[in-house]
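Colleague: After the sequence you'll find the predicted model.
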Amino acid sequence: MSAPAPVAVTGAEGFIGSHLVEALVARGHRVRAMVQYNSFSSFGWLEDLPEDVMDHVEVVLGDVRDPGSVQSLVAGTETVYHLAALIAIPYSYRAPHSYVETNVTGTLNVLEAVRHLGIPRLVHTSTSETYGTAQTVPITEDHPINTQSPYAASKAGGDRLADSYHASFGLPVVTLRPFNTFGPRQSMRAVIPTVIGQVAAGERTITLGDLRPTRDFSYVKDTVAAFLAVGTAPAADVVGRTFNSGTGEEISVGDLVRLIGKLMDTELEIRSEQERVRPAASEVMRLLADASRLRAATGWAPAHTLDEGLAATIAFFRDPANLARYKTGIYNV
């Protein structure tokens, strides 16, 4: 009997990608993991995974911007999880062209490879930022798309391409739209690791941008469970559809910082730095998920509270070996 086909993951070296690889192996999959080629031969966060996990992972150095790299990655796989993207919102104001190349053209390359090679399922990753500031809450998948940053626009472009390939070619694609994911291994560009990292490094004055926006924060293991849910559900239930994943609860950035201080038993002073604030018309003020469509289609539900996820993230950053992986004096939220 031949071995089952592997699954492919783009963006496997990143925060969510590395957790997804770990979860796929735990479920018995062989994983072909694309890591962006770099001269340091770095596999990113995959290097932190246990040896018994990496024994089931084939690391492929490549780039989603290159069609040949993508074709060789996905050939012979049963499912492709497409997570590779440029995601830092502030940098998208400075280098929007690079976001289009990776998030739009890179997605096009994945769609084309899946189409021509006849891959049975593609899970495409969107973002809640495509909704912009909530016009109605909680936000369902029918909420208008309102892209308020070049990053959000590039992700919406990839989403529309995915929709068009399903409509035009019957491509077996499902889109997952996670709300704000957090947890161990996240970069310092995001608010939760920025705050926890500063405190873990001994800071007591926390420097952030706007403290008013509210977000629906999901622990990374719950987001990964959502990926697995849409990647394995019967095609009739999910293919050609877009699904939110989120908790249905929101918290402001200011209240989040105060909660982190409480959990870290540290009294914090919050300093809002003007140069860190997003342009006024670009700031997304409120995001709150309605994930009922995902629950109805797959049975998925978040399994971790905000406090539980924060406690695990704090434990990660308090480990000196983990904190040493970051430049804790540099923040970009």
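Modeller: In hand now; what should we look at?
Colleague: secondary structure class for residue 28?
Modeller: Classification of residue 28 by DSSP: H, G, I helix; E, B strand; the rest coil places it in coil.
Colleague: roughly how far apart are it and residue 222?
Modeller: Distance, residue 28 to residue 222, using C-beta to C-beta, to the nearest Å: 21 Å. Quick note: C-beta positions are derived from backbone N, CA and C, even for glycine.
Colleague: Tell me where this structure is predicted with low confidence.
Modeller: By pLDDT under 70, the low-scoring segments of the chain are 1-2, 273-277, 328-333.
Colleague: Now do the helices in it.
Modeller: 15-26, 51-54, 67-74, 89-94, 96-99, 106-117, 150-169, 191-200, 220-232, 235-238, 253-263, 292-298, 306-318, 320-323 (DSSP state H).
Colleague: Can you give the contact residues for the fourth one?
Modeller: If I follow you right, that is helix 89-94. The contact list for helix 89-94 (C-beta atoms under 8 Å, 6 or more residues apart in numbering) reads 86, 99, 129, 149-152, 154, 189, 278-279, 282, 332-333.
Colleague: do the same with stretch 221-238
Modeller: 7, 16, 19-20, 23-24, 27, 79, 81, 121, 123, 172, 174, 176, 178, 181, 183, 243, 245, 247, 294, 297-300, 302-304, 309.
Colleague: And it, how far out from the chain middle?
Modeller: Averaged C-alpha coordinates place stretch 221-238 at 15 Å from its chain's average position (C-alpha atoms, centre = their mean, to the nearest Å).
Colleague: got the buried residues for it?
Modeller: 221-231, 233, 238 (16 or more other C-beta atoms under 10 Å).
Colleague: Buried members of the contacts of stretch 221-238 into PyMOL, please.
Modeller: Applying 16+ other C-beta under 10 Å to those, the buried members can be selected in PyMOL as follows:
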select buried, resi 7+16+19+20+23+24+79+81+121+123+172+174+176+178+181+183+243+245+247+294+297+298+300+302+304+309
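Colleague: Tell me the buried residues in stretch 165-172?
Modeller: 165-166, 171-172.
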